[in-house]
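> What follows is a protein structure lacking sequence information:
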């Protein structure tokens, strides 16, 4: 019953769409799965952020997973929640379909996720240069053209990037845009 009314309660309390269970800044390749239980024994060779539709709370976090994002609301003391905190894995529930839809559309791409002090989760698509540095040079020799920002909102701008086309940082701030 509580799960059914939680989105409404969160909206009335102005809590936002996200409930961050394990707050860690991560970068990984986005993969979308229906149930965490179907991949819990899988070993991911690359850092992976899973967007999982169903999380019961009893599953294991697969090796190589650095982030779990879900519309489901497992208990913050569930097995998977405790494991996420102990393993320094980003684990967050999103009570709004739109942010998860945007992240799902980036399946197969690398994204960098950062929980904010306000309890939200922000994400950007880093440049290949940033991925190369993060992965220890695996992509050396590849094109250095940026992948582009997946989530483009008119009220977000990068405050630490000299070239607005490439976003190799998560220092985002909300500012009004001017025409």
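Nice, I can see it. Remember, it's a predicted structure, so these values are computed and weren't measured experimentally.
> Report the strands that pair with the longest strand that the chain contains, each with its relative direction.
Ranked by residue count and defined by DSSP state E, the top strand of the chain is strand 43-54. According to DSSP bridges, strand 43-54 has the following sheet partners: strand 26-35 (parallel), strand 63-70 (parallel).
> got the contact list for residue 29?
46, 47, 48, 49, 108, 109, 110 (CB atoms under 8 Å, 6 or more residues apart in numbering). All C-beta spots, glycine's among them, are computed from the backbone N, C-alpha and C.
> Next SSE downstream of the host helix or strand of residue 98?
According to DSSP states H and E, residue 98 maps onto helix 97-104. The helix or strand immediately downstream of helix 97-104 is strand 110-115, counting by DSSP H and E.
> And the strands in this structure?
18-22, 26-35, 43-54, 63-70, 90-94, 110-115, 121-124, 156-158, 172-174.
> So what's the residue count around residue 111?
21 (other CB atoms under 10 Å).
> Okay, and the beta partners of the residue lying closest to it once chain neighbours are set aside?
Among residues not flanking residue 111 along the chain, residue 123 sits closest, at 4.9 Å (CB to CB, 6 or more residues apart in numbering). Judged by DSSP bridges, the bridge partners of residue 123 are residue 113.
> From residue 5, how far off is residue 123?
28 Å (CB to CB, to the nearest Å).
> Those two - which one has more neighbours?
residue 123 (24 against 10).
> which residues are contacting stretch 84-98?
With CB under 8 Å, 6+ apart, stretch 84-98 has contacts from 6-7, 10, 17-26, 49, 61, 65-74, 80-81, 83, 100, 113, 115, 121.
> still on that earlier bit, and the pLDDT for the residue nearest to residue 111?
Looking at residue 123, its pLDDT reads 93.
> Residue 6 now?
For residue 6, pLDDT reads 70.
> In contact with residue 61, which residues?
40, 68, 80, 83, 84, 87, 89.
> returning to that earlier point: out of the contacts of residue 29, which are buried?
47, 48, 49, 110 (16 or more other CB atoms under 10 Å).
> Let's have those in TSV, adding pLDDT and distance to residue 36.
TSV is the format used below for these (pLDDT from 0 to 100; distance: CB to CB, whole Å):
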residue	pLDDT	distance to residue 36
47	97	17
48	97	12
49	98	13
110	94	21
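> what's the closest of the residues you listed to residue 32?
residue 49 (10.0 Å; CB to CB).
> How confident is the prediction for the closest residue to the closest one other than its chain neighbours, by pLDDT?
Closest residue to residue 49 apart from its sequence neighbours, by CB to CB, 6+ apart: residue 67 at 3.7 Å. pLDDT, the model's per-residue confidence, is 98 for residue 67.
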